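Asker: Need a 3D model of the sequence below.
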Amino acid sequence: MKATLSLRSDYSDKNGLSQVYILYSHKGEVLRLKTGVKTMVKYWNHDKHRIEAKAKDIEQNVDLDNKNLSNKLNKVNSIISEYQLLYGITSNPPLSYVKENFFSNDVEKSGEKDVISLFVEFVQQNKVGKITEITLYYKTIDNLMEFVGDTRELKYTDKMVSFNLEGTTKKYIYFKDISVDFYNKFMSFLLKKEILNTTIRKRLGRFKTFLNEMYVSDKNKFDTFKKFRFNLSTITQTKIITIDKEEVNALFKLDLNERLGKVRDLFLLGCSTGLRYSDLIRIQPENIENKKYIVINIQKTRIDHLRIPLIPMAKDILEKYKYEVPKISNQKLNDYLKEMFLLASFKIPTLKEKITIRQMKGAKAEQTTDFKYNFLTFHKSRASFITNCLKSKVPINNIMAWTGHDKDDFSVFADYIDKGKPSEKELMGLY
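Answerer: Below you'll find the predicted structure:
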């Protein structure tokens with residue numbers, strides 16, 4: 001089956017010109033490839049599939065346009081012939097194979113780097129330091145390579161704080177290939193791997209972050225990624241798992257060894273400030289304003305000079321460490337938290353409450369029941385801060401100002417937003 005040239009005679013532009021396409025059919029489906037060449041319907045020879053010489057009347061360079069058409073048609077037919085040499089003379093390549101190879105050769109000649117190579121460079125250049133983040137990016141890129149058939153090898157380097165690409169592949173993808181259909185098929189591919197929907201969302205989120213950064217830096221000329229929509233349910237629990245004010249105060253009074261005491265103090269700082277781990281561990285004496293406020297630039301959302309009131313518990317903990325927060329890796333912190341909460345559960349019975357969460361795999365819900373303390377990670381400290389502020393009737397706009405949330409993030413609480421001036425009175429009595 002060879003490709004042919006065809007003029008789209010049912011549509012013309014404002015100048016009366018119609019697009020010439022290359023047509024290739026396979027198993028009842030037709031691939032239409034734009035050639036970039038246009039002419040008037042009356043000058044198209046349907047038998048010879050060429051522009052007639054009379055088109056010179058409209059100052060069309062007939063010889064050059066016909067040459068371009070021949071070159072592009074020959075290119076497609078060469079792709080078909082090469083496929084038949086590989087898989088047998090009676091085998092015809094699928095539409096996707098012809099399309100990918102038709103465009104990829106042009107991109108390679110232009111010197112444009114492929115998406116996978118740029119994705120790896122992006123991670124390396126941005127020095128994503130946390131092992132959990134590196135692992136997330138690694139798995140995202142690894143999944144993407146498997147999806148598109150990229151046979152290069154992704155290898156960790158430098159004690160798992162980075163990774164490189166090794167080897168070669170015949171399958172490259174470029175920014176022009178990343179369509180909404182591509183995104184949806186990638187999502188379906190991940191679903192077949194029995195991955196939790198929350199994990200799929202994170203991986204697709206990292207992919208979209210990369211595409212956006214490339215667009216901002218002008219390396220990606222296509223903004224199709226802005227239309228990507230994650231449409232899978234990620235409801236993981238019937239209620240937000242946090243620790244309440246009584247549990248916070250009980251933890252604060254708990255007698256622990258030095259190692260677990262530091263872990264407990266970091267968690268309680270999160271409960272007292274609402275700061276993420278990445279921001280909390282950067283607190284230095286210079287971030288303290290008059291011993292009344294923490295003033296810090298937020299890494300994730302790039303907010304400058306976030307100003308958080310120091311409540312008594314946070315002030316006591318920071319003074320204990322001379323306003324320089326202990327440094328513990330996020331992974332170790334969460335590991336030690338499990339140990340700390342297990343010990344704390346013997347003194348704080350509510351931590352042994354049985355909780356059931358629901359996790360989604362595609363449209364299927366899976367339920368897990370366990371003790372409350374087994375669900376507590378460092379990020380729950382931020383959720384606890386927000387929840388306990390709400391229970392203490394701290395105005396929602398104040399909470400948003402202290403946590404750095406966008407005005408749309410708390411739309412569910414819109415009816416409770418206080419329009420007045422920020423007040424710290426309620427916060428001071430939080431714990």
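Asker: if we look at the top strand by length along the chain, which residues are touching it?
Answerer: Assignment by DSSP state E gives strand 29-39 as the longest strand of the chain. Here strand 29-39 makes contact (Cβ atoms under 8 Å, 6 or more residues apart in numbering) with 5, 7, 13, 17-25, 51, 55, 60, 65, 68-69, 72, 76, 95, 98-99, 102. In this view, the C-beta of every residue, glycine as well, is placed from N, C-alpha and C.
Asker: Mind checking the pLDDT average for that strand?
Answerer: Per-region confidence: strand 29-39 scores 89 on mean pLDDT.
Asker: Could you list the buried residues of it?
Answerer: Residues 31, 33, 35, 37, 38, 39 are the ones in strand 29-39 that count as buried (16 or more other Cβ atoms under 10 Å).
Asker: If we only consider those, which is nearest to residue 393?
Answerer: Of all the buried residues of strand 29-39, residue 393 sits closest to residue 31, with 62.2 Å by Cβ to Cβ.
Asker: and the closest one, how far is that from residue 74?
Answerer: 16 Å (Cβ to Cβ, to the nearest Å).
Asker: Tell me the confidence at residue 231?
Answerer: You'll see residue 231 listed with a pLDDT of 75.
Asker: now swap in residue 278 and tell me
Answerer: Here the pLDDT value assigned to residue 278 is 83.
Asker: Disregarding residues adjacent in the polypeptide, which is nearest to it?
Answerer: Spatial nearest neighbour of residue 278, chain neighbours left out: residue 299 (5.0 Å); criterion: Cβ to Cβ, 6 or more residues apart in numbering.
Asker: That neighbour: neighbour count?
Answerer: 11 (other Cβ atoms under 10 Å).
Asker: quick one: the helices in the chain?
Answerer: Under the criterion DSSP state H, helices of the chain are mapped to 62-87, 95-110, 115-125, 131-148, 180-191, 197-216, 245-253, 258-273, 277-280, 312-320, 330-344, 379-391, 396-403, 425-428.
Asker: buried sites along the first one?
Answerer: This means helix 62-87. Judged by neighbour count using 16+ other Cβ under 10 Å, the buried positions of helix 62-87 are 62, 65, 66, 69, 72, 73, 75, 76, 77, 79, 80, 83.
Asker: can you list these in CSV and add distance to residue 303 and pLDDT?
Answerer: Below are the buried residues of helix 62-87 laid out as CSV (distance: Cβ to Cβ, whole Å; pLDDT from 0 to 100):
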residue, distance to residue 303, pLDDT
62, 60, 86
65, 55, 89
66, 59, 90
69, 54, 92
72, 50, 90
73, 55, 92
75, 50, 89
76, 51, 90
77, 56, 90
79, 50, 87
80, 54, 87
83, 53, 80
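Asker: How is the chain partitioned into domains?
Answerer: Using automatic domain parsing, the domain parsing of the chain gives 4-110, 115-227, 245-330+376-428.
Asker: In TSV: those, plus distance to residue 339.
Answerer: TSV is the format used below for these (distance: least, Cβ to Cβ, whole Å):
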stretch	distance to residue 339
domain 4-110	51
domain 115-227	18
domain 245-330+376-428	7
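Asker: Out of those domains, the one nearest residue 357 is which?
Answerer: When those are ranked by proximity to residue 357, the top entry is domain 115-227, at 10.8 Å, counting by Cβ to Cβ.
Asker: Now do the closest one: distance from first to last residue.
Answerer: 18 Å (Cα to Cα, to the nearest Å).
Asker: Mind checking the pLDDT average for it?
Answerer: Looking at domain 115-227 alone, the average pLDDT works out to 82.
Asker: Same check on stretch 307-325?
Answerer: Averaging the model's pLDDT scores along stretch 307-325 yields 93.
Asker: Now do the end-to-end distance for that stretch.
Answerer: The distance separating the two terminal residues of stretch 307-325, taken as Cα to Cα, comes to 17 Å.
Asker: Could you list the buried residues of that stretch?
Answerer: Counting neighbours by 16+ other Cβ under 10 Å, one finds that the buried residues in stretch 307-325 are 308, 309, 310, 311, 313, 314, 315, 317, 318, 323, 325.
Asker: Repeat that for stretch 199-215.
Answerer: Residues 199-204, 206-208, 210-211, 214-215 are the ones in stretch 199-215 that count as buried (16+ other Cβ under 10 Å).
Asker: Which one of those residues is nearest to residue 286?
Answerer: Closest approach between those and residue 286, by Cβ to Cβ: residue 206, at 31.9 Å.
Asker: Any figure for the gap between the closest residue to that closest one other than its chain neighbours and residue 321?
Answerer: In this structure, residue 206 finds its nearest non-sequential neighbour in residue 140, 4.9 Å apart by Cβ to Cβ, 6+ apart. Here the criterion is Cβ to Cβ. By it, residue 140 lies 36 Å from residue 321.
Asker: got it, and residue 205?
Answerer: From residue 205 over to residue 321 (counting by Cβ to Cβ), the distance is 34 Å.
Asker: do the same with residue 115
Answerer: Counting by Cβ to Cβ, the gap from residue 115 to residue 321 is 44 Å.
Asker: Next: residue 230.
Answerer: Shown here: residue 230 relative to residue 321, a distance of 40 Å by Cβ to Cβ.
Asker: where does the residue nearest to residue 278 land on pLDDT?
Answerer: The predicted local distance difference test score for residue 299 is 70.
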